[in-house]
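>>> sequence first, predicted coordinates after that:
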Amino acid sequence: MVLSAAAATGHLRAAEALVSAFEANGVSARHIEVLRYTNPIFRKIYSDLYVELMTHGPDLLGWLYKTFDRPWQFQKRRLALDRLNTGPLVKLIREENPSLALCTHFLPAEILLYLRKKKILDIPIGVVVTDFDAHALWLLQNVDWYFVACEETRVYLAALGIPIETIFVTGIPIDPIFAMEKTKKETRILLGLDPNKTTLLVSAGGFGVGPVESLVRAIHEVQYPVQIAVICGRNRRLEDHLKSLSGTRHPMKVIGFTDQMDSWMAAADLLIGKAGGLTSSEALARGLVLVIVNPIPGQEERNSDHFLEEGVGIRCNNLPALAYKIDSLLADNERFLKMQQAVKRLARPHAAFDIVSRVLSSKG
């Protein structure tokens, strides 16, 4: 059983990637989105609040992130709240009695560990951290496996008391399709793009929120000859609006929700947008240099710090300077090549398979 929570699309995509990796190994696996098995009010607050804050209150979101990032505090109160609201989930887990469980969100991990402590369940439990940094909410006792994105996070968790032999640096699990080779020029032709033109991919995230129109207009100020692809996610209003834009400098394709994200990334040279753990990991697997624009305070800022430190991205905090920063990067071939090489070093396209291989070997 692979359990996630729809607090953000990344948790869901990570879980689906793990299910695909299990099935590729001939093992039956089921993805459970746990908020479907909670009471309606709890579900709405949990799933909608993050998107609302991300859109209209990012500074408050950052404040909450920092306030609750206190290792080993708030756990008893949080568990009590979760137990009050997850009765149907507990019933489902007891009925299905899986042979092992991996969690791409801390909420189901808390419930599973509680059930095991009460001897209601007796299975190994793994936690898959879906950002490059580990917030205190991910800290749990007696987890069999922790899977993290980088060595720094492993060291950090060990310093906080997690047994280091249970922490594995695998990267964040992404769909196995991102590990498949795709030729850039051929992919561009298949997508209706110019095969020889530098391609900028704009990702608005799964929910298509944020000041995307302003971002797109800023990109059209780039002097370097480029073409632009914009992924709007599930935001149809944004998609229709961007398709109606006039007076733009560069060729642009506007795409709504798509199941071909791997192809759009394979066709691109730069990913422009936020610094979510899943989307960034997918982009790195496809060899893209990151252009991080106004990362959301909290986990995206921390992800951004890792990417800048590793030399795989640039950051722009002021949209009027975005075109200048992109032009400067594209004009410096040596710098761009070094960043592409750093991307290859940091990428973990096989993370899902590595995680599945570890848990299956541990199961014997």
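Sure, I can see it.

>>> assign a three-state SS to the residue positioned nearest the centre of the chain, would you?
By C-alpha atoms, centre = their mean, the mean C-alpha position of the chain lies nearest to L278, the distance being 2.1 Å. Of the three states, L278 takes helix under DSSP: H, G, I helix; E, B strand; the rest coil.

>>> gap between the helix or strand hosting R217 and the chain center?
Using DSSP states H and E, R217 sits in helix 212-219. From the chain centre to the centre of helix 212-219 is a distance of 22 Å (C-alpha atoms, centre = their mean, to the nearest Å).

>>> and it, what's buried?
212, 215-219 (16 or more other C-beta atoms under 10 Å). All C-beta atoms are positioned from the backbone trio N, CA, C, and that covers glycine.

>>> pick out the lowest-pLDDT one from the residues you listed.
When these are compared by pLDDT, V212 scores lowest at 82.

>>> how many other residues sit next to the closest residue to it other than its chain neighbours?
Distance criterion C-beta to C-beta, 6 or more residues apart in numbering; nearest residue to V212, sequence neighbours excluded, is A204 at 4.7 Å. By the criterion of other C-beta atoms under 10 Å, A204 has 24 neighbours.

>>> distance of A204 from C103?
27 Å (C-beta to C-beta, to the nearest Å).

>>> before we move on, what about N317?
Distance from N317 to C103, by C-beta to C-beta: 34 Å.

>>> before we move on, what about F42?
From F42 to C103 the distance is 18 Å (C-beta to C-beta).

>>> surely D59 touches P297?
Yes - counting by C-beta atoms under 8 Å, D59 does reach P297; the two are 6.2 Å apart.

>>> these two - which one has more neighbours?
Neighbour totals were compared for D59 and P297, and P297 leads with 19 against 10 (other C-beta under 10 Å).

>>> tell me the secondary structure for that one?
Here P297 is coil, with the state taken from three-state DSSP.

>>> excluding chain neighbours, what is closest to it?
Leaving aside its chain neighbours, P297 sits nearest to G62 (2.3 Å; criterion: C-beta to C-beta, 6+ apart).

>>> list the buried ones in the one helix or strand the one you found maps to?
According to DSSP H and E, G62 maps onto helix 58-67. By neighbour count on 16+ other C-beta under 10 Å, the buried set for helix 58-67 is 58, 61-62, 64-65.

>>> what does stretch 317-331 give?
Under 16+ other C-beta under 10 Å, the buried positions of stretch 317-331 are 319, 322-323, 325-326, 329-330.

>>> now the residue nearest to the centre of the chain. Nearest residue, chain neighbours left out?
G10 (3.6 Å).

>>> by contact count, what packs against the helix or strand encompassing that neighbour?
According to DSSP H and E, G10 maps onto helix 9-24. Helix 9-24 makes packing contacts with strand 2-4, strand 31-33, helix 277-285, helix 351-363 when contacts are defined by 3 or more C-beta pairs under 8 Å, 6 or more residues apart in numbering; DSSP states H and E.

>>> tell me how far that helix is from the chain's mean position?
The answer for helix 9-24 is 12 Å, by C-alpha atoms, centre = their mean.

>>> what does stretch 115-126 give?
With C-alpha atoms, centre = their mean, you get 27 Å for stretch 115-126.

>>> count of neighbours near C232?
Neighbour tally, C232, other C-beta under 10 Å: 25.

>>> mind listing what it touches?
Neighbour list for C232: 204, 208, 212, 238-239, 242, 254-257 [criterion: C-beta atoms under 8 Å, 6 or more residues apart in numbering].

>>> assumed L271 was part of a strand.
Yes - assessed by three-state DSSP, L271 belongs to a strand.

>>> hmm, M261 and it touching each other?
No - taking contacts as C-beta under 8 Å, L271 lies outside contact range of M261: 10.5 Å.

>>> more crowded one of the two?
More neighbours surround L271 than the other of L271 and M261, with 26 against 23 (other C-beta under 10 Å).

>>> run through the bridge partners of the more buried one.
L201, L290 (DSSP bridges).

>>> thought L242 was touching E213, still the case?
Yes - with contact defined as C-beta under 8 Å, E213 counts as touching L242 (6.7 Å).

>>> before we move on, back to that, with distance to A24 and mean pLDDT added, can I get the helices and strands packed on helix 9-24 in JSON lines?
What follows is the helices and strands packed on helix 9-24, written out as JSON lines (distance: least, C-beta to C-beta, whole Å; pLDDT from 0 to 100):
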{"stretch": "strand 2-4", "distance to A24": "14", "mean pLDDT": "96"}
{"stretch": "strand 31-33", "distance to A24": "15", "mean pLDDT": "94"}
{"stretch": "helix 277-285", "distance to A24": "16", "mean pLDDT": "95"}
{"stretch": "helix 351-363", "distance to A24": "7", "mean pLDDT": "93"}
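
>>> as JSON lines, the ones you listed with distance to K344 would be great.
JSON lines is the format used below for those (distance: least, C-beta to C-beta, whole Å):
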{"stretch": "strand 2-4", "distance to K344": "28"}
{"stretch": "strand 31-33", "distance to K344": "30"}
{"stretch": "helix 277-285", "distance to K344": "8"}
{"stretch": "helix 351-363", "distance to K344": "15"}
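
>>> for D133, find the nearest of these.
D133 lies closest to helix 277-285 among the helices and strands packed on helix 9-24, at 9.0 Å (C-beta to C-beta).

>>> tilt between the closest one and helix 9-24?
Counting by axes from the mean of the first three to the mean of the last three C-alpha atoms, to 10 degrees, helix 277-285 lies at 60 degrees to helix 9-24.
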